[in-house]
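> Build the 3D model from these lines:
(2 chains)
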2 protein chains.
Amino acid sequence: MTRQPRFAAYPRRSPWLAGLALTVLAGPALAADRLKLILDDDVPMLHPAQLMALQSPRVDVLGITIVSGSTWRDENVAHALRMLEIIDRPEVPVVPGSAFPLVNTEKETERWESLFGKLVFKGPWMKQWVEDTVQTAPNYHAHDVVPDLPEGNPSLEASDEIAANFLIRKVREFPGEVTIIATGPLTNLALAQRLDPEFAATAKQLIYMGGSINPRQMRDSVSAAQFAREFINTPRLEFNFRWDPEAASITLRAPWKKITMIPVDPSTATELTPKLVERMSAAGTPLSKAFQDHLETGFPLWDEIATAVWLDPSIITKSSPLYVDVDTSFSAGYGQTLSWSEHYQPGLGEQLQTVVRAIDVERLENMMVELMNRPLQRGTSEQY
Amino acid sequence: MTRQPRFAAYPRRSPWLAGLALTVLAGPALAADRLKLILDDDVPMLHPAQLMALQSPRVDVLGITIVSGSTWRDENVAHALRMLEIIDRPEVPVVPGSAFPLVNTEKETERWESLFGKLVFKGPWMKQWVEDTVQTAPNYHAHDVVPDLPEGNPSLEASDEIAANFLIRKVREFPGEVTIIATGPLTNLALAQRLDPEFAATAKQLIYMGGSINPRQMRDSVSAAQFAREFINTPRLEFNFRWDPEAASITLRAPWKKITMIPVDPSTATELTPKLVERMSAAGTPLSKAFQDHLETGFPLWDEIATAVWLDPSIITKSSPLYVDVDTSFSAGYGQTLSWSEHYQPGLGEQLQTVVRAIDVERLENMMVELMNRPLQRGTSEQY
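Residues are numbered from 1 along each chain as shown, chains lettered A, B, ... in the order given. Modelled structure (predicted):
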């Protein structure tokens, strides 16, 4: 059973929406006409997923809120600031959020592993890979240590607001207009929802990368085989949920107007290959140079899918309406994805979501190439 | 990574084993020369999986031990007795085992469903299907009620021994020689292991149908789509484990010499079709007649795969060595399959098993057709 999501930020099919898009594109590039977006992320490097939004002239990035995830918050903040420097977008606020998950801790995760088996990936708590991998070795360090960044350390400074407060403030400022694309653990959003019970319902929609339905390896590369280790024995386990299961459950039970889930599943058909990086860095901009020098290849395009299906939902080739929640019991299933078809759900607040199962990979890659090679979007800063 | 199991009850490939097989087949049909087997099952009907073993002249079925599962124990005992009557094998003992799981109960399962969502199948606790299905409607009744059997009620009587005791006695009588094929919940085997800690190690091997690794729908039939409901949102959930998770964990942590797992995965490529039943009932025996009149079609060949890979392991086309256990926490994952590749397992007693991932369906069907159409194996009764 498939269903296309009803939002259409990059409309192509509906004549009515196409007309609206023409109006938006033809009018003056006022902030009020553009699509309001907050990126909530744990990005540990120059991140094409964020850059796709930043590079789109139709998008008004209100801010980037940061959370710990694949790496610690402070390191992620530095990467985000440096990325904005490289593309000359100092007006976009980078807002630090939660350094730690709500309940989960490093020590508890180690005890959990002694009972239920070693995790393939556990973010900044990773000291070494269990098996050999082509990925960079983990750089284990304290949460408030920020190693020198390969792409250079930033001069820009982060906002002194707290991410959850920023999220609430911006959603209230533009009620019903703000899309949140969340591609890290959901700690910031859960805190925002508990600080303000109207938060989720006041946003336009949530699109998030997290969870896992029933993925399988689709590509025949070394990287694909190694990333498949994450789900081959745990088809319902995905890192963003596993880092902060309680936050994920709080966030997904909140009364959003619309939720789109990007689980691991569609990403197994994608990979950030050297060829794709080459295509993305053809324009000779400072961004092109940074990509060529610093982008680590081999990763599935987890988060890029989230930005892409927002910009153009017609790249979705298969989706399912499912109720989704997260296992918060301290058991073997801690952090695993729970999903139900209609009639089976327990009815404890879990929401019906559009779950993206597969996408058109060629169109995703073309969209990335097109956006990364656009002129840098300078000159919008005075609007903030 | 694949590995063929090393046992070879139906050897075809090794010249040495082929010679051995010739010796066995050419010599007198003494019980001592045949492969000793106990079938432990919850069979709720005439069961090709059991009949494959009963019809093989190379197999000495020491007994059929019965457990509750898809239907209640007493009903299953009646079906097994009637099956033995139809094929004139009154010498094979039918030994009643556990009517109830060790810990799980109907009321707790209902509370569990209110927290974690409705189960697609829960055996004799099923009052109605959640969605429409072509399967027979559930016949909800008390555990000690035996409805009239469609194939006729048996005159034969069950053994008055208890299944766990029978299992221990037979394994001790033929140390290192008895294979156990378990195709229902593992309650009887868990009790045998707790009654006698030497039980598992004294058997030759365990082959069982249970658990689920990462199945997906392989056939394009109505039945296949409906059975896929069982795993589409719960890839690690399978009924035999879910009925008695604690028994499954006890059994799988026991020190068997060898364990072969038949999870749901290979069964999704199989189906008991009307055509297959027609081919299996061509010989004009009383068994043929019973098949034609009473075999409900549409089911995956879950248990037949277990018997078949024992009789001829070369039908396995893909297998993996995995450590396997069962989630016994009363959480969303209760009864779900846990598995680990080497280096990830917690080391709490879970065993390295040969996990069958795929089989040659045509050869399975041909084996079933060949065995079901053989002359009934009368005249072996004096050997017991």
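
> so A:V324, which of the three states?
strand (DSSP: H, G, I helix; E, B strand; the rest coil).

> which parts of the stretch 51-200 of chain A sit against chain B?
A:E113, A:S114, A:L115, A:F116, A:G117, A:K118, A:V120, A:V130, A:E131 (C-beta under 8 Å from any C-beta of the partner chain). (C-beta placed from N, C-alpha, C; glycine too.)

> Quick one: those as JSON lines, columns for neighbour count too.
Listed next are these as JSON lines, based on neighbours: other C-beta atoms under 10 Å in any protein chain shown:
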{"residue": "A:E113", "neighbour count": "15"}
{"residue": "A:S114", "neighbour count": "12"}
{"residue": "A:L115", "neighbour count": "12"}
{"residue": "A:F116", "neighbour count": "23"}
{"residue": "A:G117", "neighbour count": "25"}
{"residue": "A:K118", "neighbour count": "17"}
{"residue": "A:V120", "neighbour count": "23"}
{"residue": "A:V130", "neighbour count": "16"}
{"residue": "A:E131", "neighbour count": "12"}
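
> hmm, which two among these are most spread apart?
Checked with C-beta to C-beta, these reach their widest spread between A:L115 and A:E131, with 20.6 Å between them.

> Let's see the pLDDT reported for A:Q193.
A:Q193 carries a pLDDT score of 98 in this model.

> Heading C-terminal from the helix or strand it falls within, find the next helix or strand.
If you go by DSSP states H and E, A:Q193 is part of helix A:187-195. Counting by DSSP H and E, the next helix or strand C-terminal to helix A:187-195 is helix A:199-202.

> Can you name the next helix or strand after that next one?
Remark: after helix A:199-202, the chain's next helix or strand is strand A:205-209, criterion DSSP H and E.

> Which secondary structure elements does that next one sit against?
Contacts defined by 3 or more C-beta pairs under 8 Å, 6 or more residues apart in numbering or on different chains; DSSP states H and E place strand A:205-209 against strand A:179-182, strand A:259-262, helix A:302-311.

> residues making contact with it?
Here strand A:205-209 makes contact (C-beta atoms under 8 Å, 6 or more residues apart in numbering or on different chains) with A:7, A:179-183, A:186, A:189, A:200, A:240, A:251, A:256-263, A:302-303, A:305-306, A:309-310.

> now A:D40, what's its secondary structure?
Recorded secondary structure, A:D40: strand (three-state DSSP).

> isn't it right up against A:I181?
Yes: because the distance of 7.2 Å satisfies C-beta atoms under 8 Å, A:D40 is recorded as touching A:I181.

> Quick check: which ranges of chain A have low pLDDT?
Chain A contains residues with pLDDT under 70 at A:1-32, A:378-384.

> So which residues of it form strands?
Here chain A has its strands, by DSSP state E, at A:35-41, A:59-66, A:94-96, A:179-182, A:205-209, A:259-262, A:316-326, A:337-340, A:351-359.

> Throw those into TSV and include mean neighbour count, thanks.
Listed next are these as TSV, based on neighbours: other C-beta under 10 Å:
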stretch	mean neighbour count
strand A:35-41	25
strand A:59-66	26
strand A:94-96	24
strand A:179-182	26
strand A:205-209	25
strand A:259-262	26
strand A:316-326	22
strand A:337-340	25
strand A:351-359	22
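
> wait, which of these is closest to A:E278?
Closest among the strands of chain A, using C-beta to C-beta: strand A:351-359, at 21.7 Å.

> A:A163: what's it in contact with?
A:D40, A:T65, A:I66, A:V67, A:V95, A:P96, A:G97, A:S98, A:N188, A:L191, A:A192.

> change it to 7 Å
A:T65, A:I66, A:V95, A:P96, A:G97, A:N188 (C-beta atoms under 7 Å, 6 or more residues apart in numbering or on different chains).

> what's the distance between it and A:V95?
5 Å (C-beta to C-beta, to the nearest Å).

> Need the overlap of contacts for those two.
Contacts common to A:A163 and A:V95, judged by C-beta under 7 Å, 6+ apart, are A:T65, A:I66.

> Tell me how many other residues surround the nearest residue to A:N373 once chain neighbours are set aside.
Among residues not flanking A:N373 along the chain, A:A283 sits closest, at 4.0 Å (C-beta to C-beta, 6 or more residues apart in numbering or on different chains). Applying other C-beta atoms under 10 Å in any protein chain shown, we find 16 other residues in the vicinity of A:A283.

> Over to A:A283: give its phi and psi.
Main-chain torsions, A:A283, degrees, to the nearest 10: phi -80, psi -10.

> doesn't A:L371 make contact with it?
No: using C-beta atoms under 7 Å, A:A283 is not in contact with A:L371; the gap is 10.6 Å.

> From A:W72, how far off is the residue nearest to the spatial centre of chain A?
Geometric centre of chain A, nearest residue: A:T183, 1.7 Å, by C-alpha atoms, centre = their mean. Remark: distance between A:T183 and A:W72 (C-beta to C-beta) = 16 Å.

> do the same with A:G63
Distance, A:G63 to A:W72, using C-beta to C-beta: 20 Å.

> before we move on, what about A:F330?
In terms of C-beta to C-beta, A:F330 sits 23 Å off from A:W72.
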